[in-house]
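**Student:** Give me the fold of what follows.
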Amino acid sequence: MARQRTERTGRPGGGARSVREDRGPVRYGPPAPDPGLPVLPELAEVLAAAAGRGDPEPTGGGAALRTAAAAYWERRGLPGGPERIAAAPGASPLLLALIAAHGGDVLMPRPCPATWIPQARLLGRPAYHVPTPAECGGVPDPYALLETVRRVRAEGGRPRLLLISVVDDPTATVAPPELVREACEAAIAEGLHVVSDETWRDTLHRPHDTVLLSPAEMCPDDVTVVCDLAGALTPSAWPVAVARFPDTERAAVRHARTLDILTALGAPVAGPVAMAAAHALREPEAVTDRARRAAAFQARVAVAAHHAVLAAGALARPPQAGRHLYADLGPLRSRLAGRGVTDSLELEEYLTERLGAPTPGGHRFGDELGALRVRLGTGKLLGSTPQQQLESLTAVAPLELPHVAEALSIFATALDELR
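**Tutor:** Okay, the predicted model is just below:
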């Protein structure tokens with residue numbers, strides 16, 4: 001049974017309530033949206049073949065991994081050599097090292113990926129949230145960004161770093177190129193370096209209809225790009241993330257500092273995982289086919305999940321990427337209150353139990369506790385067994401498969417009963 005702790009609340013009448021410790025912001029952070037897929041056999045074979053390797057991977061990644069990462073980004077219009085790459089066992093240690101290497105205060109959009117706030121907190125760095133525009137998440141409103149920078153400086157702060165995600169977790173939206181340009185130009189004009197998290201760029205639901213622009217294409221000297229390969233290329237159980245630094249003397253110093261911090265953390269990528277990650281980054285046909293099929297399925301199921309959210313009377317931006325969507329259940333506040341749900345902590349617990357899958361509340365992503373927002377994962381809708389999941393990827397009409405239709409029915413019912 002989870003331990004309890006008591007904290008003061010801001011509810012009318014004051015008082016205290018018990019809060020489960022397993023809802024803490026750092027130790028029990030939510031997992032990334034589950035792909036709901038078995039390990040790709042080709043990657044498993046590469047990992048198994050490297051299992052007998054005894055020599056450790058150097059901090060920041062060996063030559064094979066860094067070369068594959070450089071080629072991956074060059075195919076996406078971001079050329080550069082392996083000497084500008086750093087790898088780590090997952091996005092969290094890599095981001096921690098990047099924040100520490102840059103120094104100063106951190107700015108990020110609201111909402112933001114759940115791993116960002118804990119990294120700044122662990123370093124003791126002030127982190128400031130900036131509102132996003134109505135059409136998307138992941139990138140702050142440029143005018144709000146400028147105002148926040150000026151306010152922070154007026155209060156004695158030192159804003160140095162802006163974190164953004166052009167393909168966003170949690171909102172599953174893609175920022176328009178003009179917004180990306182304006183936000184980055186505003187940040188750079190104020191002396192901020194930009195870290196662009198592009199973990200979900202290979203999960204676009206409609207890649208031929210969606211314009212995706214990396215900030216590094218526009219501002220190559222002022223943007224570091226980060227990618228957690230678990231977004232589309234590798235299993236979540238094999239943690240590896242890579243960063244691409246600008247080709248400048250200042251960036252070379254930060255790259256070296258990042259490697260120093262990863263060394264201090266004892267955070268090299270495991271050798272067999274590095275070999276599998278390098279293979280995935282080379283994008284052989286099996287890897288690209290799996291990613292393409294998974295994105296195509298998510299495009300279809302996302303429409304159905306989004307419709308279920310709206311039909312229940314809640315709000316959500318139409319998801320454009322990833323395997324999740326971000327719902328605002330504020331319009332259902334009175335019905336939720338009748339079920340004992342008055343904030344995002346309680347909403348997280350309620351929907352996690354009803355849906356049988358992690359359903360993190362908006363407080364995990366920097367939203368206010370009182371806002372009834374939640375990230376709803378769609379990866380589990382592929383099926384509960386490897387056979388069902390693979391069938392979902394290859395079916396002509398996957399939403400008509402019995403296991404997918406049943407999963408969608410359970411999803412819709414859990415929301416519909418709140419009307």
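**Student:** Output the longest helix belonging to the chain.
**Tutor:** Secondary structure of the chain read by DSSP state H shows that its longest helix is helix 285-311.
**Student:** Ramachandran coordinates for residue 30?
**Tutor:** Main-chain torsions, residue 30, degrees, to the nearest 10: phi -70, psi 150.
**Student:** In terms of pLDDT, where does the one residue sitting closest to the centre of the chain sit?
**Tutor:** The centroid of the chain falls nearest to residue 169 when counting by Cα atoms, centre = their mean (4.1 Å). With respect to pLDDT, residue 169 scores 95.
**Student:** same deal with residue 20?
**Tutor:** 51.
**Student:** And residue 9, by the same measure?
**Tutor:** pLDDT for residue 9: 34.
**Student:** for the one 3 residues further on, same thing?
**Tutor:** Model confidence at residue 12, expressed as pLDDT, equals 35.
**Student:** low-confidence ranges in the protein?
**Tutor:** The model of the chain has pLDDT under 70 over residues 1-28.
**Student:** Walking through it, point out its strands one by one.
**Tutor:** In the chain, the strands defined using DSSP state E lie at 4-8, 16-20, 85-88, 105-110, 127-131, 159-164, 193-197, 223-228, 241-244, 315-316, 324-328, 373-377.
**Student:** want to throw those strands into JSON lines with distance to residue 388 and mean neighbour count?
**Tutor:** All C-beta spots, glycine's among them, are computed from the backbone N, C-alpha and C. Listed next are the strands of the chain as JSON lines, based on distance: least, Cβ to Cβ, whole Å; neighbours: other Cβ atoms under 10 Å:
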{"stretch": "strand 4-8", "distance to residue 388": "38", "mean neighbour count": "9"}
{"stretch": "strand 16-20", "distance to residue 388": "32", "mean neighbour count": "12"}
{"stretch": "strand 85-88", "distance to residue 388": "33", "mean neighbour count": "27"}
{"stretch": "strand 105-110", "distance to residue 388": "36", "mean neighbour count": "23"}
{"stretch": "strand 127-131", "distance to residue 388": "39", "mean neighbour count": "19"}
{"stretch": "strand 159-164", "distance to residue 388": "36", "mean neighbour count": "24"}
{"stretch": "strand 193-197", "distance to residue 388": "31", "mean neighbour count": "25"}
{"stretch": "strand 223-228", "distance to residue 388": "26", "mean neighbour count": "25"}
{"stretch": "strand 241-244", "distance to residue 388": "29", "mean neighbour count": "26"}
{"stretch": "strand 315-316", "distance to residue 388": "26", "mean neighbour count": "18"}
{"stretch": "strand 324-328", "distance to residue 388": "20", "mean neighbour count": "24"}
{"stretch": "strand 373-377", "distance to residue 388": "16", "mean neighbour count": "26"}
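**Student:** and of those, who's closest to residue 66?
**Tutor:** With Cβ to Cβ as the criterion, residue 66 lies closest to strand 85-88 of the strands of the chain, at 4.0 Å.
**Student:** tell me what that closest one is packed against?
**Tutor:** If you count contacts as 3 or more Cβ pairs under 8 Å, 6 or more residues apart in numbering; DSSP states H and E, strand 85-88 packs onto helix 63-74, helix 91-102, strand 241-244, helix 249-265.
**Student:** For it, what is the distance to the chain centroid?
**Tutor:** Distance, stretch centre to chain centre, for strand 85-88: 18 Å (Cα atoms, centre = their mean, to the nearest Å).
**Student:** Can you show me the CA trace of it as CSV?
**Tutor:** Coordinates of the C-alpha atoms in strand 85-88 are reproduced here as CSV (Å, rounded to 0.1, in the frame of the first residue of the first chain):
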residue,chain,number,x,y,z
ILE,A,85,27.1,14.4,-31.6
ALA,A,86,26.7,13.3,-27.9
ALA,A,87,24.7,10.2,-26.8
ALA,A,88,23.4,9.2,-23.4
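**Student:** rewinding a little: surely the residue nearest to the centre of the chain is in contact with residue 113?
**Tutor:** Yes - under the contact definition of Cβ atoms under 8 Å, residue 169 touches residue 113, with a separation of 4.8 Å.
**Student:** tally of neighbours for residue 385?
**Tutor:** Residues near residue 385, counting by other Cβ atoms under 10 Å, number 11.
**Student:** next one: residue 300
**Tutor:** Residue 300 has 17 neighbouring residues, counting by other Cβ under 10 Å.
**Student:** where's it relative to residue 206, distance?
**Tutor:** Per Cβ to Cβ, to the nearest Å, residue 300 is found 11 Å from residue 206.
**Student:** again with residue 156
**Tutor:** Distance from residue 156 to residue 206, by Cβ to Cβ: 46 Å.
**Student:** Neighbour count for these two, which is higher?
**Tutor:** Legend: neighbour count by other Cβ under 10 Å for residue 156 and residue 206, higher for residue 206 (12 against 6).
**Student:** Could you verify my assumption that the more buried one touches residue 320?
**Tutor:** Yes - assessed by Cβ under 8 Å, residue 206 is found in contact with residue 320 at 7.4 Å.
**Student:** How about the contacts made by the residue nearest to residue 186 when sequence neighbours are not counted?
**Tutor:** Take residue 186 and drop its neighbours on the chain: the residue closest to it by Cβ to Cβ, 6 or more residues apart in numbering is residue 142, 4.4 Å away. With contact taken as Cβ atoms under 8 Å, 6 or more residues apart in numbering, residue 142 is in contact with 179, 182, 183, 185, 186.
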